[in-house]
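Enquirer: pasting the sequence and the predicted coordinates here, then a few questions.
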Amino acid sequence: MKQNHKKIKIYSEALCNSVDTFETFQNVKACLHELTALSKKDLMINTFLKSKSVDMSKKMNIFTEAFQEVFDKNLLEVLLVMIENDDMNLLIDVNKSFVVLAKEKLNIAYVEVTSSADMDENMKNQLSDKLSDITSKKIDINFSTNQDLIGGLKIKIDDMLFDSSLKTKLENAKSKLIGV
Amino acid sequence: MDIKTNQIGDLLRDQIKNIDNNVDVNEVGEVLEIGDGVARTSGLGNVMSSELVEFPNNVFGMALNLEEENVGVVLFGDSSLVKEGDTVKRTGKVVEVPVGKELLGRVVNPLGVPMDGKGPINAKHSLQIERKALGVMQRYPVKEPLQTGLKSIDSMIPIGRGQRELIIGDRQTGKSAIATDTIINQKSTHSGDSPVYCIYVAIGQKASTVAKLVGELEANGAMEYTTVVVANASDPAPLQYIAPYSGCAMGEYYRDNGMHGLIVYDDLSKQATAYRQMSLVLRRPPGREAFPGDVFYLHSRLLERSSKLSEDLGSGSLTALPVIETQEGDVSAYIPTNVISITDGQIYLDTNLFNGGVRPAVDVGLSVSRVGGSAQIKAMKKIAGKLRLDLAQFRELEAFAKFASDLDDATAAQITRGRRMVEILKQNQYVPMSTANQVLIIYAASQGYLDDIELESVKDFEVGLLEHFASKSPECIKEIEDTGNIGDDLAKKMNKAIEAFKKSF
């Protein structure tokens, strides 16, 4: 467990060193996200990546040929080292750790916006700019909808949750009225 | 109450207007895994140790393990209502409970939530459940007695206000009965100037047992000055773990405000078991008997909070009566030895004595009070020395007497005296006795007035003698109560009264 923790740290630091801009960060993050999603979804790819019976050099060749056009060069190199060391099972944790390290390095805030209805592109851009101004950070933003909120927004910036949804307001009102 | 519909409407409108319209801002984390009443969460980077955190569905928990990657949270509610991926919110508050006289007569859970259906508790104050014990300079030696109303304890194992006296024994030996009687006996203090407020902490007991106890306290008028804190056997282990600390915080309110408190922890063995369960699920390394390494600190930091305060701090006190259940009389097990070493003495209850009809089944040989002697009134101190000696001699000779057919007069006399002493120390449950009455009957026995009374008649003699004193010589009772001493004149008066009663018995 401790050994894995060390390895995760080494791989994620290597990935973090390879990103210098917000754009490269987003690119690497998206690639890693795709790869983990793919290995989760597709049993054949998952088995191939973790299989010990497939020759290591063959595995690396297949992997290089498949991804050299799409993946960043540094990312590909780190992934090849992981394959060589038979550490592809750590991919999810490496991804998580990389995001944390890179966010700190590049001063990025991860933002999740949940609204009761779909927001148009203009609104999304306005909100993103405003949040970037307020936090003085680059914003890695995700939008989602949840009709249960009834109205208003829930904005989660890293670990802070700003909840102005009607659902929460009604719940707070209910607690106050019944004196809980 | 006569309220019209439009009044209700107005009230509601006022309430709705006052509702906070601001955005709800919280530091949050995410539940990574949940099971066995423990949640591992990510995020919550600034959470404090022992901070209360909120899960969905109104489930609360306490952050205990602050690790590099995640935070281990123990849940106080139903863990089936929390699932992986749920959001967990910081409350910014370390677990605290309401304190004050508003809690008297109430039954609450360890979070201070009422369990008796008597409505909300509008306490003005609250205290954190985990508080640091006071230092040496804030304390004062134990000097005032805390009467249990039990002859065997008040005479030979006296307890002082601010003392920690352990009640230890096997199951079904009357441990809780002693604690309950002590609470009931505090009723007499409420007619004086230094009343004792009581807190009974029931840990891991059956709900029916607690309900019965509350009923008994109510029937004896003791609930008026008592708070019962309940973490039943069916409650989650974290609630059982924090119950004594919650009760202690409630008791500290009285202590810190110049009043006197008495707290009963019934029992700490079950709390240690709950803590073991929690620690193992939190993956803390197990030690002896699978308890975690800090199980001593678990009890020492709790019992150190009971103390007698200095005059500068108002002279308040908090007396603790922790209860420990032993297995087959083994006092050398891990938890019993720990608690024995922390407390200022122990009352050891023996199964054989209990089965032999000696109730309370106090084993005088193994029981001790390390600091209570200085709190005992002079009258009791005078007669208790003789009582202890008579009983020690009796114990020594009793076994020997079973084999010997012929006994010399002196030995026979000692055995006769010892049997009568044991008989007068027997006492029914829920019948605590005033100190003056205790002094009178023990004095009569130690002076040998009971030696020629048949063993079966000793109880009747005791009842009759106390009635005789109450009706014919009330001045003796009053003098003991006022002076707390037996002077030569009083001794003569008492002897005369006992002789007079004996003639008519």
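Expert: Ah, there it is. Not measured: the values here are computed from a predicted model.
Enquirer: tell me the domain ranges of chain A?
Expert: A:2-104, A:107-179 (automatic domain parsing).
Enquirer: CSV for those domains, including distance to B:Val59?
Expert: C-betas here are computed from N, CA, C, even on glycine. Formatted as CSV, the entries for the domains of chain A read as follows, by distance: least, C-beta to C-beta, whole Å:
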stretch, distance to B:Val59
domain A:2-104, 26
domain A:107-179, 14
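Enquirer: of those domains, which is nearest B:Leu466?
Expert: When these are ranked by proximity to B:Leu466, the top entry is domain A:107-179, at 51.5 Å, counting by C-beta to C-beta.
Enquirer: can you confirm whether that closest one lies near chain B?
Expert: Yes. Shown here: domain A:107-179 in contact with chain B (C-beta under 8 Å from any C-beta of the partner chain) through A:156, A:159-164, A:168-169, A:172-173, A:176-177, A:179.
Enquirer: where does the residue of the stretch 201-350 of chain B found nearest chain A land in three-state SS?
Expert: Ranking the residues of the stretch 201-350 of chain B by distance to chain A (C-beta to the nearest C-beta) places B:Arg283 first, at 10.9 Å. Secondary structure state of B:Arg283, per DSSP: H, G, I helix; E, B strand; the rest coil, is coil.
Enquirer: phi, psi for it please.
Expert: Note on B:Arg283: backbone dihedrals following degrees, to the nearest 10 are phi 60, psi 40.
Enquirer: measure it to B:Leu298 for me?
Expert: Using C-beta to C-beta, to the nearest Å, we find B:Arg283 at a distance of 18 Å from B:Leu298.
Enquirer: and these two? Which one has more around it.
Expert: Taking other C-beta atoms under 10 Å in any protein chain shown, B:Arg283 and B:Leu298 do not tie; B:Leu298 has more neighbours (21 against 12).
Enquirer: about what we covered before: using JSON lines, please lay out the residues of domain A:107-179 next to chain B together with distance to B:Ala379, pLDDT and neighbour count.
Expert: Formatted as JSON lines, these follow (distance: C-beta to C-beta, whole Å; pLDDT from 0 to 100; neighbours: other C-beta atoms under 10 Å in any protein chain shown):
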{"residue": "A:Lys156", "distance to B:Ala379": "71", "pLDDT": "92", "neighbour count": "19"}
{"residue": "A:Asp159", "distance to B:Ala379": "66", "pLDDT": "88", "neighbour count": "18"}
{"residue": "A:Met160", "distance to B:Ala379": "67", "pLDDT": "91", "neighbour count": "14"}
{"residue": "A:Leu161", "distance to B:Ala379": "67", "pLDDT": "92", "neighbour count": "23"}
{"residue": "A:Phe162", "distance to B:Ala379": "70", "pLDDT": "92", "neighbour count": "16"}
{"residue": "A:Asp163", "distance to B:Ala379": "68", "pLDDT": "91", "neighbour count": "23"}
{"residue": "A:Ser164", "distance to B:Ala379": "72", "pLDDT": "89", "neighbour count": "17"}
{"residue": "A:Thr168", "distance to B:Ala379": "67", "pLDDT": "87", "neighbour count": "17"}
{"residue": "A:Lys169", "distance to B:Ala379": "68", "pLDDT": "86", "neighbour count": "20"}
{"residue": "A:Asn172", "distance to B:Ala379": "62", "pLDDT": "81", "neighbour count": "16"}
{"residue": "A:Ala173", "distance to B:Ala379": "64", "pLDDT": "80", "neighbour count": "16"}
{"residue": "A:Lys176", "distance to B:Ala379": "59", "pLDDT": "71", "neighbour count": "14"}
{"residue": "A:Leu177", "distance to B:Ala379": "60", "pLDDT": "72", "neighbour count": "13"}
{"residue": "A:Gly179", "distance to B:Ala379": "53", "pLDDT": "56", "neighbour count": "8"}
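Enquirer: got any ranges where chain A has weak pLDDT?
Expert: Across chain A, the stretches falling below the confidence threshold (pLDDT under 70) are A:1-3, A:178-180.
Enquirer: if we can go back for a sec, against B:Glu33, how distant is the residue of the stretch 201-350 of chain B closest to chain A?
Expert: Using C-beta to C-beta, one obtains 12 Å as the distance from B:Arg283 to B:Glu33.
Enquirer: cool, and B:Val264?
Expert: Counting by C-beta to C-beta, the gap between B:Val264 and B:Glu33 amounts to 38 Å.
Enquirer: how about B:Asp330?
Expert: From B:Asp330 across to B:Glu33, the span is 38 Å (C-beta to C-beta).
Enquirer: repeat that for B:Lys175.
Expert: Per C-beta to C-beta, B:Lys175 is found 40 Å from B:Glu33.
Enquirer: more neighbours: which of these two?
Expert: B:Lys175 (26 against 10).
Enquirer: what score does the more buried one have for pLDDT?
Expert: The per-residue pLDDT reported for B:Lys175 equals 96.
Enquirer: contacts only, for it.
Expert: B:Lys175 is in contact with B:Ile167, B:Ile168, B:Gly169, B:Asp266, B:Asp267, B:Val323, B:Glu325, B:Leu349, counting by C-beta atoms under 8 Å, 6 or more residues apart in numbering or on different chains.
Enquirer: B:Val201: which of these is nearest?
Expert: Where the contacts of B:Lys175 are concerned, and distances follow C-beta to C-beta, B:Val201 has its nearest neighbour in B:Asp266, at 6.5 Å.
Enquirer: what is the burial count for the closest one?
Expert: By the other C-beta under 10 Å criterion, the neighbourhood of B:Asp266 contains 26 residues.
Enquirer: does the residue nearest to it when sequence neighbours are not counted sit in a helix, a strand or a coil?
Expert: For B:Asp266, the nearest residue in space outside its immediate sequence neighbours is B:Val323; the separation is 4.6 Å by C-beta to C-beta, 6 or more residues apart in numbering or on different chains. B:Val323 carries the three-state label strand when classified by three-state DSSP.
Enquirer: who's B:Val323 bridged to?
Expert: Note on B:Val323: beta-bridge partners by DSSP bridges are B:Ile167.
Enquirer: can you list the buried residues in the one helix or strand B:Lys386 maps to?
Expert: Element membership of B:Lys386 [criterion: DSSP states H and E] is helix B:378-403. Of the residues in helix B:378-403, those scored as buried under the neighbour-count criterion (16 or more other C-beta atoms under 10 Å in any protein chain shown) are B:379-384, B:386-387, B:390-391, B:393-394, B:397, B:401.
Enquirer: thank you, goodbye.
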